[in-house]
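Colleague: Quick check, what structure comes out for this input:
(chains A and B)
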Amino acid sequence: NAGVTQTPKFRILKIGQSMTLQCTQDMNHNYMYWYRQDPGMGLKLIYYSVGAGITDKGEVPNGYNVSRSTTEDFPLRLELAAPSQTSVYFCASRGNEKLFFGSGTQLSVL
Amino acid sequence: ELKVEQNPLFLSMQEGKNYTIYCNYSTTSDRLYWYRQDPGKSLESLFVLLSNGAVKQEGRLMASLDTKARLSTLHITAAVHDLSATYFCCGAGSYQLTFGKGTKLSVIP
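Modeller: Numbers count the residues shown, from 1 in each chain, chains lettered A, B, ... in the order given. All right, here's what the predicted structure looks like:
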């Protein structure tokens, strides 16, 4: 099993550009999450999903969108990137009483 | 809305000493997770605590859960340098998972 796979690992965007962070899990988990972690800080929930076709906002959803067309995939879209979105993004899935994290995407918006 | 508070946020301790990190949460949480994060890395699962009175131990780390007090603790016994990292607790609400701000632990020789 690959677990939770995030791509890309690093990305630099210009202000106003858009991009999609990919997240895939092969554990057939219904629950998936997107978090952002600013330097020296904890994790803040952006969006979460409880199954295919069902998503909901977390603590800091502004500037982001998600979709969940399949159980495996939970992409995070940034529209009109802003410097405030410079952060490390983690995708996670939850199942079997455990929470599994991807390796993270380090995003810089300049 | 579930809120999770950790303390201390920073902890510098000598090798061989014992210490406890505290994690308080505001409303019912049906489970409590502890994670470790090394600089520039993802989060590594340490413990999942599922019920009141649950205690789990792995090496020099022991975690416990008191659901009545809404408190979880992570106890470090005879700290070694390899334990230097940031430790997060995470509470589970209805669907969401809420993390504390983390405790940055530095173990000094």
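Colleague: Lowest mean pLDDT among the helices and strands, pick that one out for the chain.
Modeller: Just so you know, I chose chain A. Every helix and strand of chain A was ranked by mean pLDDT, DSSP states H and E. The lowest is strand A:98-101, at a mean of 90.
Colleague: my bad, chain B
Modeller: Across the helices and strands of chain B, the lowest-confidence element by mean pLDDT, DSSP H and E is strand B:97-99, at a mean of 90.
Colleague: List the neighbouring strands of that strand plus their orientation.
Modeller: For strand B:97-99, the paired strands and their directions (DSSP bridges) are strand B:85-92 (antiparallel).
Colleague: tell me how far the partner strand is from the chain's mean position?
Modeller: Between the mean C-alpha point of strand B:85-92 and the mean C-alpha point of its chain there is a distance of 5 Å (C-alpha atoms, centre = their mean, to the nearest Å).
Colleague: Show me what that strand is in contact with.
Modeller: Outside strand B:85-92, the residues that touch it by C-beta atoms under 8 Å, 6 or more residues apart in numbering or on different chains are A:42-43, A:99, B:2, B:4, B:6, B:21, B:23, B:25, B:29-38, B:43, B:46, B:72, B:74, B:97-100, B:102-105. Glycine gets a C-beta too; all of them are placed from N, C-alpha and C.
Colleague: pull the CA atoms of it into CSV?
Modeller: Provided in CSV are the C-alpha atoms of strand B:85-92 (Å, rounded to 0.1, in the frame of the first residue of the first chain):
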residue,chain,number,x,y,z
ALA,B,85,10.7,17.2,17.9
THR,B,86,7.3,18.9,18.0
TYR,B,87,4.5,16.9,19.5
PHE,B,88,0.8,17.5,18.6
CYS,B,89,-2.3,16.3,20.1
CYS,B,90,-5.5,16.1,18.0
GLY,B,91,-9.1,15.7,19.1
ALA,B,92,-11.9,14.2,16.9
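Colleague: tell me the mean pLDDT for it?
Modeller: pLDDT averaged over strand B:85-92 equals 94, rounded to a whole number.
Colleague: after the least confident helix or strand of chain B, next one along is what?
Modeller: Scanning the chain past strand B:97-99 towards its C-terminal end, the next helix or strand to appear is strand B:103-108 (assignment: DSSP states H and E).
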